[in-house]
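>>> after the sequence you'll find the predicted model.
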Amino acid sequence: SPLCEGNQLYGPVHTNGYLRTMGSPTFHERVTYTKGIRPYGGVDRADYRKIGSPEKVAPLVFPTTNDQLKEWADPGRGGYTFEGRTCIYLNGSTLKIRNPNVNNGDTVTLSLPASGVIYVGKGYKSWPIGTEESGKWGMNSGNVFISGTLDGRLTIAAAQDIYITGSDPTDYNNPCIPSQTNYNNAGIFYANTNINSSDNLSDDMLGLIANENVCILHYYWPSKNGYNSIRKDVAPGGGITIYAAIFSITNSYGYEKYNEGDNKGYIYFYGSLTQSSMCATYSKSYYGQIRGYRENNTHDPRLLYDTPPHFLDPENAGWEIVSWKRVTPSE
């Protein structure tokens with residue numbers, strides 16, 4: 001999927017494949033690619049503001065699974081491991097957790113794990129006939145539904161997908177109502193959102209690592225036996241905010257069913273995005289009608305030298321020369 005007109009990208013951008021653009025997205029920092037540049041229509045109209053033209057570089061080599069995080073999620077090492085679909089609400093320095101195999105499926109409150117890592121794997125329990133076992137809503141799926149505000153450091157890894165919600169996903173009876181949410185109260189936040197200034201710099205940091213997709217939830221809501229269909233559209237209606245380092249290992253990050261429904265405003269994203277392939281977050285019709293979310297992405301500069309707990313990095317990550325000059329000592 002190409003980077004489209006209206007997208008604002010405040011941070012470095014790299015693709016291991018072809019850099020594909022449509023219209024005139026704006027890149028505010030360095031842009032690199034491995035294979036080539038393929039703008040829609042053959043003419044590159046993207047706005048490169050920082051260094052100039054994109055640069056061709058060697059590919060990065062990424063992990064193929066998040067299984068290695070199971071070690072840090074082991075309770076014996078101070079982590080949390082859950083089997084089956086898990087709903088998580090970040091409630092400052094504590095977590096509200098709802099998992100079918102914990103506390104009879106009712107909500108529990110836990111402190112942040114000492115190791116900083118939660119792993120959600122697939123479950124193996126036999127469920128009554130008519131109860132979904134796998135897939136998006138499956139009780140045995142390795143899926144995570146998450147929102148809230150984090151005060152601390154945490155990495156959450158999912159064997160399957162991670163869905164970002166507009167309100168507390170552990171509250172099965174109160175799905176997110178789009179008309180009552182906007183980017184100020186919907187999504188994932190840090191208790192201290194100052195990621196740029198050295199004065200009172202935030203030490204909050206969240207990592208979301210899915211073996212498959214990381215999506216903004218669009219349709220329906222979790223329930224005790226599958227999904228709640230009281231509200232069809234549960235995506236925030238006036239934009240959504242996300243603070244996180246996101247890694248979709250084998251698939252993509254995006255907005256579920258982006259070409260259906262209403263104009264949702266913008267995703268105000270602060271962090272880093274790593275994905276195997278790109279998925280769109282909005283569509284624009286021939287008549288100019290927008291559906292879904294346009295993107296306003298800002299890189300978290302702290303991630304240049306720091307990471308969420310035990311976060312996964314490219315295997316060949318390291319220092320590289322971006323620019324240099326000869327310095328002659330003054331006499």
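Received the coordinates, thanks.

>>> okay, helices next: where are they in this structure?
70-73 (DSSP state H).

>>> pretty sure residue 274 contacts residue 248?
Yes. Applying Cβ atoms under 8 Å as the test, residue 274 and residue 248 come out as touching, 7.1 Å apart. The C-beta positions use only the backbone N, C-alpha and C, and glycine is treated the same way.

>>> more crowded one of these two?
When neighbours are counted by other Cβ atoms under 10 Å, residue 248 comes out ahead of the other of residue 274 and residue 248, with 25 against 19.

>>> ok, for the more buried one, nearest residue in space, not its chain neighbours?
residue 275 (4.2 Å; Cβ to Cβ, 6 or more residues apart in numbering).

>>> so how far is residue 31 from that neighbour?
In this view, residue 275 and residue 31 are 16 Å apart by Cβ to Cβ, to the nearest Å.

>>> quickly list what residue 244 is bridged to.
For residue 244, the beta-bridge partners under DSSP bridges are residue 271.

>>> residue 210 now?
residue 158, residue 248.

>>> just give me the neighbour total for it.
For residue 210, using other Cβ under 10 Å, the count is 29.

>>> hang on, the earlier thing: looking at residue 275 and residue 31 now, which is surrounded by more residues?
Remark: of residue 275 and residue 31, residue 31 carries more neighbours, 24 against 20, as counted by other Cβ under 10 Å.

>>> ok, now which ones touch that one?
12-14, 19, 48, 51, 54-55 (Cβ atoms under 8 Å, 6 or more residues apart in numbering).

>>> going by neighbour count, which of those comes out on top?
residue 19 (23 neighbours).

>>> the nearest residue to that residue once chain neighbours are set aside and residue 13, how far apart?
Counting by Cβ to Cβ, 6+ apart, residue 19 lies nearest to residue 33, which is 4.1 Å off, once chain neighbours are set aside. Using Cβ to Cβ, residue 33 is found at 9 Å from residue 13.

>>> now do residue 257
Distance from residue 257 to residue 13, by Cβ to Cβ: 25 Å.

>>> now do residue 204
For residue 204 relative to residue 13 (Cβ to Cβ), the value is 24 Å.

>>> over to residue 94?
Distance from residue 94 to residue 13, by Cβ to Cβ: 35 Å.

>>> same thing with residue 242?
With Cβ to Cβ as the criterion, residue 242 and residue 13 are 17 Å apart.

>>> pLDDT value on residue 29, please?
At residue 29, the predicted lDDT confidence score is 79.

>>> follow-up on the earlier one: which one of the contacts of residue 31 is nearest residue 145?
Checking those against residue 145 by Cβ to Cβ gives residue 13 as the nearest, at 28.4 Å.

>>> look up how far residue 151 lies from the closest one.
For residue 13 relative to residue 151 (Cβ to Cβ), the value is 30 Å.

>>> and the spatially closest residue to residue 303 that is not a sequence neighbour, what's its pLDDT?
Distances taken as Cβ to Cβ, 6+ apart place residue 272 nearest to residue 303, at 5.0 Å, with adjacent residues excluded. On pLDDT, residue 272 comes in at 93.

>>> quick one: residue 272 and residue 298 touch, right?
No. With contact defined as Cβ under 8 Å, residue 272 does not reach residue 298; the gap is 10.1 Å.

>>> higher neighbour count, the two?
residue 272 (21 against 17).

>>> contact partners for the most centrally placed residue in the chain?
The centroid of the chain falls nearest to residue 246 when counting by Cα atoms, centre = their mean (4.0 Å). Residues in contact with residue 246, defined by Cβ under 8 Å, 6+ apart, are 207-209, 214, 253, 271-275.

>>> just the CA trace of stretch 239-256, in PDB.
C-alpha atoms of stretch 239-256 as PDB (Å, rounded to 0.1, in the frame of the first residue of the first chain):
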ATOM      1  CA  GLY A 239      -9.300  10.900  15.600                       C
ATOM      2  CA  ILE A 240      -7.300   8.500  17.700                       C
ATOM      3  CA  THR A 241      -4.000   8.900  19.500                       C
ATOM      4  CA  ILE A 242      -1.400   6.100  19.800                       C
ATOM      5  CA  TYR A 243       1.900   6.300  21.800                       C
ATOM      6  CA  ALA A 244       3.900   3.100  21.200                       C
ATOM      7  CA  ALA A 245       6.700   1.300  19.400                       C
ATOM      8  CA  ILE A 246       4.800  -1.100  17.100                       C
ATOM      9  CA  PHE A 247       6.200  -4.200  15.300                       C
ATOM     10  CA  SER A 248       4.000  -6.300  13.000                       C
ATOM     11  CA  ILE A 249       6.400  -9.200  12.300                       C
ATOM     12  CA  THR A 250       4.700 -11.000   9.400                       C
ATOM     13  CA  ASN A 251       1.900  -8.700   8.300                       C
ATOM     14  CA  SER A 252       1.000  -5.000   8.700                       C
ATOM     15  CA  TYR A 253      -0.200  -2.100  10.800                       C
ATOM     16  CA  GLY A 254      -3.400  -0.300   9.800                       C
ATOM     17  CA  TYR A 255      -7.100   0.400  10.200                       C
ATOM     18  CA  GLU A 256      -9.400  -2.500   9.900                       C
END
